[in-house]
Structures are given as structure tokens and as C-alpha cells.
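Trainee: Mind looking at a prediction? Sequence and model below.
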Amino acid sequence: MSTRLFGEPVQRVEDARLLTGQGRYLDDLGREALAAAFVRSPHAHARIRDIDVTAALDVEGLVAIYTWEDLPPRVAEPLPLLIPHPALTHGRTAYPLAKETVRHVGEPVVMVVATDRYLAEDVCALIEVDYEPLKPVVGLEEAAQGSRLVHEDVPANLGAHLVQEVASIGGASARECIETSPHTLAFRLDIERSASMPLEGRGVYARWDGRDLRVYSSTQTSTSVRMAIAAKLGLPLPQVEVIAPDVGGGFGVKIVHPWPEEVLVPWAAMTLGREVKWAEDRREHFVASAHERAQVQYVRVGFDDAGRVLGLEVTILHDHGAYTPYGIIVPIVTSTQLLGPYKIGSYRVEFSSIYTNTVQVTPYRGAGRPQAVFCMERTMDKIAQHLGTDRADVRAANFIGPSEFPYDQRMTFQDGRPLVYDSGNYPEMLRMIKELIGWDSFERAPNRGIGLACYVEGTGVGPYEGGHVQITSDGRVHVSTGLTSQGQGHETVFAQIAASELGVPLSQVSVVTGDTRRFGYAVGTFASRAAVVSGNAIALACRKVREKALRIAAEALEADPADLDIADGLVHVVGSPSASIPLSTVAVLSNPLRYSFDAETAKATQFATATPVDRPPVAEGEEPGLEGRGFYSPLRSTFAAGMHAAIVETDPDTAEIRILRYAVVHDCGRLVNPMIVEGQVHGGVAQGIGGALYERMAYDSDGQLLNASFMDFLMPYASEIPRIETAHLETPSPLNPLGIKGAGEAGVIPVSAVIASALEDAEGFDIDRMPISPSDLYHLRERPAPGDR
Amino acid sequence: MKPAPFEYHAPREVDAALDALAEAGAEGKVLAGGQSLIPMLNMRLAAPAHLVDINRVSALAAVETTARGVRVGALARHAQIFRSAPVAAVQPLLRQALGLVAHPAIRSRGTVVGSLVHADPAAELPAVLALLGGSVRLAARGAEREVAARDFFVGPMEAAIRPGELAVSAFFPALGARSGTAFAEVARRHGDYALAGVCALVVLDEDLRVSAARVACIGVGPVPLVLDVSGHGADWASAARAVQDEAEPEADIHATAEYRRHLLGVLTERALRAAARSAGSDDGEGEGG
């Protein structure tokens, strides 16, 4: 009977291939290609005096060495600033190869092409770059003072400054509201740098046949990489194809484009007339891709006796590193998503986005939200502590009520559209998380603590995605969408959507993503948007195909289309199962043929059909084939939400921190595949634990990254991650046909806030910095006790 | 991250390995499990002109367990020693320590002798050898010498091994009667090199009073710090304070020196207490962790 696949925990169809080594990642391609490698700056800030390649010229296998001076005009320009914003008054982007100045360790200076990567690195080692080192700008507060500059023409290292203010209903400013509040608190919070750190780094492989350029890139947006390459290399768009092969994780870093290498590798392939490939290694990824998270936040809050926030002022110093290719999306997300599930009486947020001589900062899963949630949830805990009330109760006192949706936060979100929450049920979610973790029955014990945190996540941003669906004469359904996959399980969930819409078995559906040969219009995979935007586009495409299939079948069955349904790939008359026609036959009939190749297609040839001779074989307004395209362009973001809670235990002697339990309640609207959503949540929580307890980018005062390897950058192992208990609440989104909300970033967002809340509970003193290590905790314990607690 | 060019040697006999090393001199490097060397080559932190791969020299894989102790050949993998019941019966500290060494994948390739030669000051096995008073046998073309642990570990990542020499085996003395061992450490993640670690050996007399107690500390100095704390009897807190006073830990990005010194006290006390407990029990099995 009907194949009800939407909502089922279907096993991931891509896993058998990916887990048995059949994946085709970037470096699996182009075995015969020339290899590129880069000489990268060892200095955080320096002027390039001279580049001497003499010693390198004798290496057998060397093909080419390029510096900035070798690049043609358009390639030599600075890389694009992808998302301009009026507040980003001093946006700066890097040259693909450094022109005169290097501004962070790892910036590419020379490109080498050789017959293999070993030789290319040998050549790199023999190239001598003469640098005049300049004193670097490291550390957010030092940078903000502006006594030294990252860019000579950017005063005070200030890239952007933005104030957003939402007055109270009565028209009072946040400051006025705070000053007239019964209670006020002021404090500072610090979050350090981390990074997306996908297991597969970036990579580009390009082939030029004299007319057409085909580029494979380990990217989160193949369509936009294609447009960028076409523009940079002066090629007509139809002569450029970009394909994202299997991608081993992205987590944000691969949405940035075009990377220097994404322009230089195709350019070299065209210049040399040879295939060229570059696969980033781990050391390069640490110093030459992107980081995120680092912020300093100053908070002032005023509240009443019930803990209701009357006024909130947050001033953020945001470290965006040496360049701003992705604009100021991260601090905008922090500023707006800080409000979470709460009705804040009045709010003023101000951020300064600051240059430092470090790797650039662009979105990493969560994209400014972990910092926002850390700020708001620390605030809630401090209010509860100040008033001596239960931390959950303070949150409940501030919640937006279930009947108050759509709820307008009166701000502008990261998509330039109003920050209006579409649906949610926060009190119910709080009840669920309290029950799941056992909040009310938690037994106090020394060195044990419980904590919780809430968040709201704007997901599924526009502008749009599209889907193409074709049913071929074998009855198979071919789905393609332009956005890319990095392991999320799109082949499964998009197939579930298509199979449910069309009434075919899952095994009949195949899905292709991120291949501009198959679908040319797309935005990309980021902001928890793939299921929302592509999922709905595919559903709309399927509905067109279904409508056409029913029309053709109705004619063949001499029935009314309204009386037909499709199940298991058969179109049948409802209530009369014997009157049916397979979708494969419908596909054949949809495409009138002159030539036949088998018995099935013979049915559509000119002497086999009974098409009336007084009208053309393809009726006016019709197209041959059983296929359709659909686009979904959301009015605005849809707002998912979640609440996490944890119980932690600290060692009284060694200050080691152990997570005893971790619980998640999550609402992403209608679930397409609960198992995949849980997997997303698990992975996100693991990254969040990394950010809370392990990961930081340790820059020294010279701008050297001291831990640029997996030995010293402490990504947690599976052994550091507790079992994660999950429960789902489903408040469907009214904004899209499928009622779904995004889930990709959910798990990571509140973890630092939750762990801080639980640690504070266990230790009895404020936890205002993340991450926290045993060494940090030891020193907090040893601090002379102030009167603050 | 590709290594600089090198010449690769894959001898099948010890003599052939020694010949290759003799000819390579200071430009030679031995490849056994490769768990430290290969990353160093790939990052070009090491660039030897000759790499002598001993993985085909089957004679070096031998592990001999006698009442005197355990002689571990240069090709014996961590996993093999970790699992060996005869080894654990003769010297339980090896299993206690190896449980803290990295993960199964690394233990299945990494070698015990390789770890000793690598001489990482935060690694467990050098401390085990130093605590037990073991030794390393070094062979060169036409010569062989046995170097005691106290002379073998010279500095961070530096062992007393000369150009042309191959560490063919290491000897870990057996645990005596009424003796117990334990290893306690704190690492950032499971299997990481320790922020600080202490292994302890406690020997009791016939009245079950402490007759000897010794610790070796890792992560708090350039080489394993071996200290005799027999004079403190069973006052482990006092022994711990003495160890803290002797150590000169340093700060790095993972921990301050002060925290490391603090940990050293905690871990010394824990390791000594566990070792004493196991010395007083029948099976002599101590505790790791």
C-alpha cells in the first residue's frame, strides 16, 4: 500500500557506499593531474621584499611557479567580498597570492605546480621569500585599541560597527529600562576561537579541454563557485561546470568562496593546458582556511523580582581575523539570535568587528549563535542566582507564550528580513527537558552540578533552492538539487520526500546534489537550510510531476485524474486497484517517440499510439517527458528551537570535568527522518563539547598558531562524548509546504552555555569564559575568594 | 605534508639493518611502528637522508618472558605486550601503562622500543623503564651494548643512541615479592600524552610495612623524574609533597606549571596508594587510571 516514508527513521542510503570506501572525495579524483602546493607566510604580518626561486628551478618535475605578479588582471584582484553590508565600512579581502603584505601566518605567497605533491613541496622548500617582519596585531582588546594596524587604511582596526536597538513597548531605551529596573547586573564574558575542522580539508581539481572548464571542489556551494570562477577567468557561464563530489564535512568553512585556490587551480589548468589538483593538508587547514567564535561581550541587564528582563545591553567585540570575505554575518547572527525564546523588554546590542593578524573568521556551525546563547543563558543563570530562584523558572518567566506566534522581535535578521518567529512551544519544551534530565529530582552532591540552556535558531534562509525531478521509462525517479552535501544524508531525506510525494518505493529514487551539470540554480548548504529550502523545492517539483503523471494516466485509463492515486509506483483508480498503469508506462507515454529501443518504448512510437491525428503529438503548452522543476523561496527564516541540559561532575583533586548525562529536546518542525535529525544533534553536541571543554586556537603574541595540529588542537574523541539522550517536539512551520525547520546546526549551539551552567552549579563560582580546561578550573578554584558569591 | 626525499632501506636481517645504519651514519633513521616518525617526516620536522625500515626483520619481534623480567624486541607492538598474560604476570606495570598509551589503532602499530627511543618526556613507557631500572640493548655493526634507563633518557626527545646504532630490545625487570605498581595520570583526552603522570612501585616487608617506594613522573621535566620516597613510609601525602618539591614542571598551552605541580602531588599520592594496595594483595596486580 501507500509508501509513507516522510517521517520514518529510514537508514541512510549513502552509508553503504561511504563506509566501505566507495566514496569519491576530491583527492580520489584526478590521479594523473599535476599537483599544486603553496609557499605560505611564516609571519603574521610582514612586507614581502623579494621572492627568489633560483634554487628551486632545478627540481625535476617542476612545471610552474607563480607569484602575484604572474597573475592576469582579474585573477590578481582581491577576492570578492561576498556579503556587503552598510555597516561594514572597511571590508577587506585577500589577494589570491599576497601582493606586498602578508597579514596572517599561512597566507599564500607563491603557487607551485609540479608532477606530484611531493615534488611540489620540495620546490616550495627551496623558494626563498625575503620578508620584512612587521609587529603583528594579536588579541581582540589590543587590536581594538588600534595602536598598530592590520590594514594601514583601516583606523582602529575597525571593520564594522553596528548598533541595533529595540525600545520597550512604552518607547523607553534599553539604558533607561535598565536604570529603572529593581535589579541590575553587569559582567563580561569571553569565548575563544575554534574552527569547523572537517575531516576532509578543502580541495580543487580542474580540467580544461581548450573550450570547457570542469572544476571539482570540496565546497558547500558549487553553483556560486561556478559563477565566481567564470567571472574571474572571463569565461561564459555555460563553459564552466563545477561539481562538489563527496565532501568529507564542511561545517561552514566550505561555504566561503572562491578560495584563492579555487581561482588559482583552474587558472593554472587553463594556462598550462593540463589537469591540476590541490588537496589541502591539515596544517594548511589550520592556518589558511577560517576560524570562528572569538568574542568578548560586555553585558548589562535590568530585571524585576520575577526575573523578567526589562532591559538588556550587550556590547560585543568580535574578532574577524585578517579579512572579511563573508562580511559581518557572524556578529549579526550573534546580535539577533541572542534574544532566544525570550521576550526581552528592551534591547540594545552594539558590535565592533575587529581586524587581527590571524586567520579570517567566517561562519562555523552555529555561526555566532553559540556566543549569543552563552551570553543570554549566562544572563539568565545570573538573574536566578541574584534572586535565589530556580534557573528554569527564570527562563519560564521570560518565554514567548505558545499563543504569541508569529512573534516579532522587531530586529533585522541575517537574511535582511524581519526577525519574526513563525512557531514554537517553549514552555512545553522546558517541561520536557526538565523531565528528561530529572531537573526537579536532581540529587545534590559535592562536585556535581546540573545546568540547562535554551536557544532559538533561525534556519532555512533564502533566497531560494530548486529541485528537478524526472521519472524515466524504467520507472526510476531521478532527483537533483543544486545545493551540495557534506555527509548530512541528503540522498536519503530528499529521496524520502520524493518517494512520499510520488508514491514510489525509496529504492526507485536516486538523488544528485551539488552538480551544476544537473542543476544550475542554487545558493548552497549552510544555515540549516537544505531540508527546508531544497526539501520543499523537491516536493513542489514532485507535485508538478505527479499532476502530469495523473493527467497522462487518466487519459490511458479513461478515468478522471481526481480519482487517481499513486502507490508503489502504480497509478491506480481509487477503489479499483485493478485499473492501474505503472509510472514507467506513464513516463513512456509522456514522450512520443519515432524510434523504439525495447518493448516498453515501442508503446510510444508513432504507429503504436492512438493520438488523434488532428492535433500535434505533443499538445500545445505541454513538454515531452515526465519531469518537472520546482523552486522554493522562503518569505523569511523559520525558527527552530531547542533546550539542552547536562549533569557534570568535577574531580575535587585534579579538576577534571566529566559529563555524566547530556539531554536534548529539539524542535525542528516536522521531522523528515528522526534518525538523521538525531545524528545531526549528536554530531553538533560533540562539536559543542569540543568548544566548551577542549578546543581553542592558541595564538602567541607573534601571531603564531601554537597548536596547528590534531595533537595539540584538542578535538574531542568519541571517548570524550557522553551518550546523548534526545526527545523531539514538533511545532510545524506554517511558512513552508512541508512544515519543516532546519536541524543541521542545532546540536552545537547551547553546549558551552549548558556546561557553564552545570559547572557553576557544581563549583559554586561564576564560569564566564569558554572553553574551560582542568587547568583553568584549578586556577578558578585557587583564586582568592571574592565576595561575589 | 609530504616528506622530503629519502632513500628507503628494507632489510630482512639484523646485520643488514646495521649495515644500512652504519653507512647512513647521522643521516639514518629507523622506522618501526612509525607512529611518531611518519608525522615528523610528513611535517618535515625530520628529514633523514636514509630511512631503515625494520618491519621485515622478524628476529626483532621476539618477546621473552622469564622470572627475571621481560625482554621486548624492537618490533613488538604495544598491543601485543598489552594483551600478553605472561608479561602481565611478570611485570604488571607494562599493562597498566599501555592502557594509557593512545588508542587501539596506534597501539596496534606502535612499538614499545620505538616509544623508548623517541623519549617523549610525557610518554608512559620511558617512565616505566626508568622506574623499574630496566635497560635498552643497542646494536651497531660489530658491537652491542646495554644502556641502563637512567643513562638512556638524555633530554626531551633525546635518547643515548648513537648514529649507526639500532635499539634491538628493552628489558623490564620482573616485579618482586610483596611488590605492587600503579600508574596514575591526567590527560586532556583519552589516550593523549599526559599533562602529568606518575607510576609507582611499592615493596612491603614481611610485616606489610613499606620497605621501598619509588615513583617516576612524566610531563613535568625533560626526562622521567625518578624519585625514591621510601623514607616517607606509608605517609603518601608527605611523599607527594616531596615529589612536588623536586619537580620543575613547565607551562604550555594545555596547563600551567602550577597546575602540573598540583597534579603531581595528587597523582603521586594516588599511584603510591594503589601500588601499596596491590603489593598487599595476592595477585600483585596494581591499578591504572
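Mentor: Received it, and whenever you're ready, just let me know what you need. Note that the coordinates shown come from a computational prediction; the quantities given were computed from them, not determined experimentally. Residues are numbered from 1 along each chain as shown, chains lettered A, B, ... in the order given.
Trainee: Please pull up the helix or strand immediately following the helix or strand harbouring B:Pro39.
Mentor: Here B:Pro39, judged by DSSP states H and E, is contained in helix B:37-42. Note on helix B:37-42: by DSSP H and E, the next helix or strand toward the C-terminus is strand B:50-53.
Trainee: Which residues does that next one contact?
Mentor: Applying CB atoms under 8 Å, 6 or more residues apart in numbering or on different chains, the contact partners of strand B:50-53 are B:6-11, B:17, B:20-21, B:23-24, B:27-31, B:41, B:166. Yep, even glycine has a C-beta here, placed from its N, CA and C like the rest.
Trainee: Could you list which of these belong to helices?
Mentor: If you go by DSSP state H, those have B:17, B:20-21, B:23-24, B:41 in helices.
Trainee: can you pull the contacts of residue 213?
Mentor: Defaulting to chain A. Per CB under 8 Å, 6+ apart, neighbours of A:Leu213: A:206-207, A:229, A:233, A:235, A:239-241, A:266, A:269-270.
Trainee: ah, no, chain B please
Mentor: Residues near B:Ala213 by CB under 8 Å, 6+ apart: B:200-203, B:228-230, B:232, B:239, B:272, B:275-276.
Trainee: Paired strands for the helix or strand hosting it, with orientation please.
Mentor: According to DSSP H and E, B:Ala213 maps onto strand B:210-218. Take DSSP bridges as the rule and strand B:210-218 pairs in its sheet with strand B:194-204 (antiparallel), strand B:225-228 (antiparallel).
Trainee: Centre of the chain to stretch A:315-322, how far?
Mentor: Offset of stretch A:315-322 from its chain centre (CA atoms, centre = their mean, to the nearest Å): 20 Å.
Trainee: Using CSV, write down the CA coordinates of that stretch.
Mentor: Provided in CSV are the C-alpha atoms of stretch A:315-322 (Å, rounded to 0.1, in the frame of the first residue of the first chain):
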residue,chain,number,x,y,z
THR,A,315,28.5,45.3,23.7
ILE,A,316,30.4,42.8,21.6
LEU,A,317,34.0,42.9,20.4
HIS,A,318,34.1,40.4,17.5
ASP,A,319,37.4,39.2,16.2
HIS,A,320,37.1,38.6,12.4
GLY,A,321,40.8,38.0,11.7
ALA,A,322,42.7,39.5,8.8
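Trainee: Give me the residues contacting that stretch.
Mentor: Against stretch A:315-322 from outside (CB under 8 Å, 6+ apart): A:94, A:103-104, A:107, A:140-141, A:143-144, A:150, A:159, A:193, A:290-291, A:294-298, A:328, A:330-331, A:334-335, A:349-361, A:371.
Trainee: Now do it, average pLDDT.
Mentor: Throughout stretch A:315-322, pLDDT has a mean value of 97.
Trainee: Kindly report the same for stretch A:131-143.
Mentor: Mean predicted lDDT for stretch A:131-143 stands at 95.
Trainee: How about residues contacting it?
Mentor: A:41-49, A:101-102, A:148-150, A:157, A:294-296, A:317, A:319, A:354-358, A:699-703.
Trainee: Please identify the buried residues of the helix or strand hosting A:Val163?
Mentor: According to DSSP H and E, A:Val163 maps onto strand A:158-166. Neighbour-count burial for strand A:158-166, counted by 16 or more other CB atoms under 10 Å in any protein chain shown, picks out A:158-162, A:164, A:166.
Trainee: thinking again about what came up before, restrict the ones in helices among the contacts of strand B:50-53 to contacts with chain A.
Mentor: Under the cut-off given by CB under 8 Å from any CB of the partner chain, chain A has nothing from those close to it.
Trainee: ok, A:Ala396 - how many residues close by?
Mentor: Applying other CB atoms under 10 Å in any protein chain shown, we find 18 residues neighbouring A:Ala396.
Trainee: repeat for B:Leu138
Mentor: B:Leu138, neighbours per other CB under 10 Å, totals 22.
Trainee: and it, that's in a strand?
Mentor: Yes - counting by DSSP: H, G, I helix; E, B strand; the rest coil, B:Leu138 is located in a strand.
Trainee: Would you agree it is in contact with B:Arg145?
Mentor: Yes - under the criterion of CB atoms under 8 Å, B:Leu138 makes contact with B:Arg145 at 5.3 Å.
Trainee: before we move on, the earlier item: can you select the buried ones among the contacts of B:Ala213 for me in ChimeraX?
Mentor: To isolate the buried members of those in ChimeraX, using 16+ other CB under 10 Å:
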select /B:200,201,202,203,229,232,239,272,275,276
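Trainee: biggest separation within the contacts of B:Ala213, which pair?
Mentor: Greatest spatial distance in the contacts of B:Ala213: B:Asp228 and B:Ala276, 15.0 Å, computed using CB to CB.
Trainee: What about residue 280, how many residues nearby?
Mentor: This is for chain A. As a burial measure, A:Glu280 scores 20 neighbours (other CB under 10 Å).
Trainee: Chain B was what I was after
Mentor: Neighbours of B:Gly280 (other CB under 10 Å): 13.
Trainee: pLDDT at it, what is it?
Mentor: So B:Gly280 comes in at 89 (pLDDT).
Trainee: Would you double-check that A:Ala645 falls in a strand?
Mentor: Yes - judged by three-state DSSP, A:Ala645 forms part of a strand.
Trainee: what's near enough to touch it?
Mentor: A:433-434, A:436-437, A:439, A:450-453, A:662-663, A:754.
Trainee: just checking, which of those residues belong to strands?
Mentor: Among the contacts of A:Ala645, the residues falling in strands (DSSP state E) are A:450-453, A:662-663.
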